[in-house]
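J.: I would like the atomic coordinates for the input below:
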Amino acid sequence: MAPAHKSQLRRPPARAPIDDLYDYAPAPARPGRRRMERASPTWAVTDDWPKDVPVTEAEIDVFEAWFGDLFDELFGKG
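T.: Just a heads-up that it's a prediction; the model follows:
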């Protein structure tokens with residue numbers, strides 16, 4: 001499929017040396033900036049987690065495998 005418009009050949013300025021290899025394409029136009037809408041200044045935080053969150057042995061094993069060195073450093077070897 002052919003492009004919707006033909007591109008024009010780019011040529012260096014008349015006084016440019018023959019070995020001038022810079023690109024003379026005009027910079028693309030920058031889109032206008034719009035202000036971002038700010039969120040409401042009042043937030044409502046809801047904590048609906050149970051007081052005790054159940055954790056399985058498999059989950060503990062995964063955390064110990066990945067973060068065991070960090071836990072030992074933070075809490076000491078137990």
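J.: any idea how far Arg38 is from Ala58?
T.: 44 Å (C-beta to C-beta, to the nearest Å). For every residue, glycine as well, the C-beta is placed using N, CA and C.
J.: which residues of the chain score low on pLDDT?
T.: With pLDDT under 70 as the threshold, the chain has low-confidence stretches at 1-26, 39-40, 78.
J.: and Asp72, how far from Trp49?
T.: Note on Asp72: its distance to Trp49, by C-beta to C-beta, is 28 Å.
J.: scratch that, Phe63 is what I was asking about
T.: Using C-beta to C-beta, Phe63 is found at 18 Å from Trp49.
J.: so those two - more neighbours on which side?
T.: Using other C-beta atoms under 10 Å, the more surrounded residue of Phe63 and Trp49 is Phe63, with 12 against 7.
J.: can you say which helix or strand has that one in it?
T.: Secondary structure from DSSP states H and E places Phe63 in helix 57-75.
J.: dump the C-alpha coordinates for that helix into PDB.
T.: Extracted in PDB, the C-alpha atoms of helix 57-75 (Å, rounded to 0.1, in the frame of the first residue of the first chain):
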ATOM      1  CA  GLU A  57       3.300 -23.600  54.600                       C
ATOM      2  CA  ALA A  58       4.000 -23.500  50.800                       C
ATOM      3  CA  GLU A  59       3.800 -19.700  50.800                       C
ATOM      4  CA  ILE A  60       6.300 -19.500  53.800                       C
ATOM      5  CA  ASP A  61       8.700 -21.900  51.900                       C
ATOM      6  CA  VAL A  62       8.600 -19.700  48.800                       C
ATOM      7  CA  PHE A  63       9.400 -16.500  50.800                       C
ATOM      8  CA  GLU A  64      12.200 -18.300  52.700                       C
ATOM      9  CA  ALA A  65      13.600 -19.600  49.400                       C
ATOM     10  CA  TRP A  66      13.700 -16.200  47.800                       C
ATOM     11  CA  PHE A  67      14.200 -13.800  50.700                       C
ATOM     12  CA  GLY A  68      15.900 -16.100  53.300                       C
ATOM     13  CA  ASP A  69      19.200 -14.200  53.200                       C
ATOM     14  CA  LEU A  70      17.400 -10.900  53.600                       C
ATOM     15  CA  PHE A  71      15.400 -12.200  56.500                       C
ATOM     16  CA  ASP A  72      18.500 -13.600  58.200                       C
ATOM     17  CA  GLU A  73      20.200 -10.200  57.800                       C
ATOM     18  CA  LEU A  74      17.200  -8.300  59.200                       C
ATOM     19  CA  PHE A  75      16.000 -10.600  62.000                       C
END
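J.: perfect, that will be all.
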